[in-house]
Structure formats: structure tokens, C-alpha cells
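Asks: When you get a sec, could you give me coordinates for this:
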Amino acid sequence: MPVIEIPFSPRMATSARAGQKCATTRSERMGNPGDIFEIKGEWFRLLDVKQVTLLWVRNEAFRIEGFDSPEKFEKTWRSLHRGHFSVDKEYFIHFFAGCERVAPEVQKKNFCDLCMEMHWGGLCRYHDPEDEGNLTPEQCPMLQMIAALSGGSS
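Replies: Have a look, this model is predicted:
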């Protein structure tokens with residue numbers, strides 16, 4: 001799995017490392033699901049990348065972008081982009097979660113093939129019959145969160 005670079009402002013890096021930010025919107029695609037990147041010594045893994053309008057991000061994804069309101073998201077966006085905020089322009093939203101960086105041949109084993117939940121070997125807690133009992137995609141909280149955040153269904 002490739003190691004990629006995604007730059008973050010100090011404030012957004014802090015939000016991501018604190019778990020308050022699990023998505024970032026960029027004008028270009030920065031990577032693919034499964035790619036990993038580092039923010040100030042902590043490793044993260046891309047879960048999904050979707051092309052959406054900036055208005056959708058402002059109204060639907062402001063919380064996972066690390067903001068309390070759509071207005072705060074827009075204000076920060078404008079401050080980073082010389083006042084520009086094009087509601088109809090399409091951008092790429094990158095969904096991510098924290099992970100441990102390990103050798104590529106081992107790394108795949110640390111994430112469930114079904115939902116990307118981090119775990120240590122075998123299926124994740126949502127899909128391992130010995131844990132909560134082989135959940136269907138409709139019951140899996142990770143798949144439901146990804147579907148809800150990306151506006152699709154699992």
C-alpha cells in the first residue's frame with residue numbers, strides 16, 4: 001500500500017490526530033483507498049475518496065471535516081483559498097482513519113476486507129462470528145458510517 005503525502009494546516013493536523021477530523025476535501029485526488037499517510041508522527045489510512053460539490057461538503061460533511069457548523073467550515077475554507085468558495089465546483093473528499101504503520105505485506109491483515117475496521121488478524125469485531133457474530137453489511141457500523149458520509153449505501 002503506497003505511502004502518500006497529504007499536507008494539513010497545524011489546526012487541521014491537531015483535529016485529525018484528536019479524532020475530530022476524519023475527512024479532508026481537496027481540489028485533486030490525493031490517493032486511493034488503502035493508501036497511508038502521516039500527520040505529525042501518527043499514521044492514517046484512506047478509507048474512501050468521493051467526488052462531491054463544495055456545497056455538499058459544507059452542508060453534509062462539515063463535522064467530519066472537523067468543524068462545529070457549516071459556517072465555520074466555509075469561513076476556514078475561504079481563509080485558506082483567498083476568499084474563494086465555489087459551491088458548484090467539484091472536489092474530492094478523502095475519508096480516513098488512524099492506523100498503525102506496518103510492513104505492506106502485514107498491513108492488509110490489520111484491516112477487515114469488508115469494512116476497513118482496524119484489528120489484529122482475522123476478521124474485525126463486526127464480522128468475526130466469535131465476537132459480535134458475523135454482521136451483515138446492513139448491521140456493520142463501519143460500513144454504515146462510510147455509506148452515510150459518502151451519501152451512498154453499503
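Asks: For Gln51, which residues are in contact?
Replies: Glu90, Tyr91, Phe92, Ile93 (CB atoms under 8 Å, 6 or more residues apart in numbering). C-beta here means a position set from N, CA and C on the backbone, and glycine is covered the same way.
Asks: all helices of this structure, in order?
Replies: Ranges of helices in the chain, per DSSP state H, are 10-17, 54-60, 70-80, 104-107, 141-150.
Asks: any idea of the mean pLDDT in the longest one?
Replies: The predicted model assigns helix 70-80 a mean pLDDT of 95.
Asks: which outside residues touch that helix?
Replies: Helix 70-80 is contacted from outside by Ser9, Leu54, Val57, Arg58, Asn59, Phe62, Glu65, Phe67, His84, Phe85, using CB under 8 Å, 6+ apart.
Asks: measure the first one to Val87 for me?
Replies: Right, the one you point to is Ser9. Counting by CB to CB, to the nearest Å, the gap from Ser9 to Val87 is 22 Å.
Asks: do the fifth one as well
Replies: Asn59 sits 9 Å away from Val87, going by CB to CB.
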